[in-house]
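Colleague: any chance you could fold what I've pasted below:
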Amino acid sequence: MIILRKAEDRGHADHGWLDTRHTFSFAGYQDPKHMGFRGLRVINEDRVQPGQGFGTHSHQDMEIISYVLEGALQHRDSMGTGAVIRPDDVQRMSAGRGVSHSEFNASETEIVHFLQIWLLPSQRGITPGYEQKTFSRAQKEGRLQLVASPDGAAGSVTVHADARLYAGLFGPAATGELQIAEGRHAWVQVARGKVRVNGLDLEAGDGAALSDTRLVRIEGVEAGEVLVFDLA
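Modeller: Residues are numbered from 1 along each chain as shown. Coordinates of the predicted model:
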């Protein structure tokens, strides 16, 4: 069974410095029919103007992943971490019992375009943590590369959640498959381009919830970039 979440149906807010689209309920956009999917709570597609960003704010008991598509994102937090996240980087921040951080566009001339993802943690009150790794285009071309997992498998960042996240780049005729264990679910998010998911065409910003299926098949239609979540 596949349930589509079309890009144009997402929540949207334009704050001038920030143009943001919410796949699930977030901040001022609240829709009881779209409060998340399984352990996936937030997918926000954000475009931040040059030199602008999110001032210091706090989180608690959430696994937060940032996935940059264009530009560079400057991160600072109360753990003493300072880092710049660029395309092909995957950043994981475990908020745990509490962390404060800020995120700013690291450029004075270019927009930063990124996905902000929240996963519900498998345990509350853990020590906050940070991790960032790079996964090259070669690792993602024509396949689904594991980039986040509970056990850090295949060099992925470690999330404290029952979820695995894969990223892939699919040109025309390229195909990738992911086996889903019985009783688990998948969410596919198209970051850009156009792909076919189990025979159904999806475009940039579209999402799809898959249940009662043991296979996710991604086919490139137009140069596309996708994230696939394997969820309990």
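
Colleague: report pLDDT for residue 51.
Modeller: We have a pLDDT of 96 for residue 51.

Colleague: for it, which non-adjacent residue is spatially closest?
Modeller: Leaving aside its sequence neighbours, residue 51 sits nearest to residue 108 (CB to CB, 6 or more residues apart in numbering; 4.9 Å). C-betas here are computed from N, CA, C, even on glycine.

Colleague: average pLDDT across stretch 79-95?
Modeller: 97.

Colleague: report the central residue of this protein.
Modeller: In the chain, the centroid-proximal residue (CA atoms, centre = their mean) is residue 117; its distance is 4.3 Å.

Colleague: ok, that one touching residue 46?
Modeller: No: if you go by CB atoms under 8 Å, residue 117 and residue 46 don't touch, sitting 11.0 Å apart.

Colleague: before we move on, back to that, now do the contacts for the residue nearest to the centre of the chain.
Modeller: Residues near residue 117 by CB atoms under 8 Å, 6 or more residues apart in numbering: 40, 42, 43, 44, 64, 65, 66, 67, 165, 227.

Colleague: direction included, what does the helix or strand where it lies pair up with?
Modeller: Assigned by DSSP states H and E, residue 117 belongs to strand 112-119. Using DSSP bridges, strand 112-119 pairs in its sheet with strand 40-48 (antiparallel), strand 63-70 (antiparallel).

Colleague: closest to residue 217 out of those?
Modeller: Smallest distance to residue 217 across the strands paired with strand 112-119 (CB to CB): 20.1 Å, for strand 40-48.

Colleague: what segments of the chain are helices?
Modeller: Per DSSP state H, the chain carries helices over the ranges 137-140.

Colleague: which one is residue 204 nearest to, not counting chain neighbours?
Modeller: residue 192 (4.6 Å).

Colleague: any idea how far the strand holding residue 117 is from the middle of the chain?
Modeller: Here strand 112-119 is found 5 Å from its chain centre; the criterion is CA atoms, centre = their mean, to the nearest Å.

Colleague: could you give the number of residues near residue 98?
Modeller: Burial of residue 98 is recorded as 12 neighbouring residues (other CB atoms under 10 Å).
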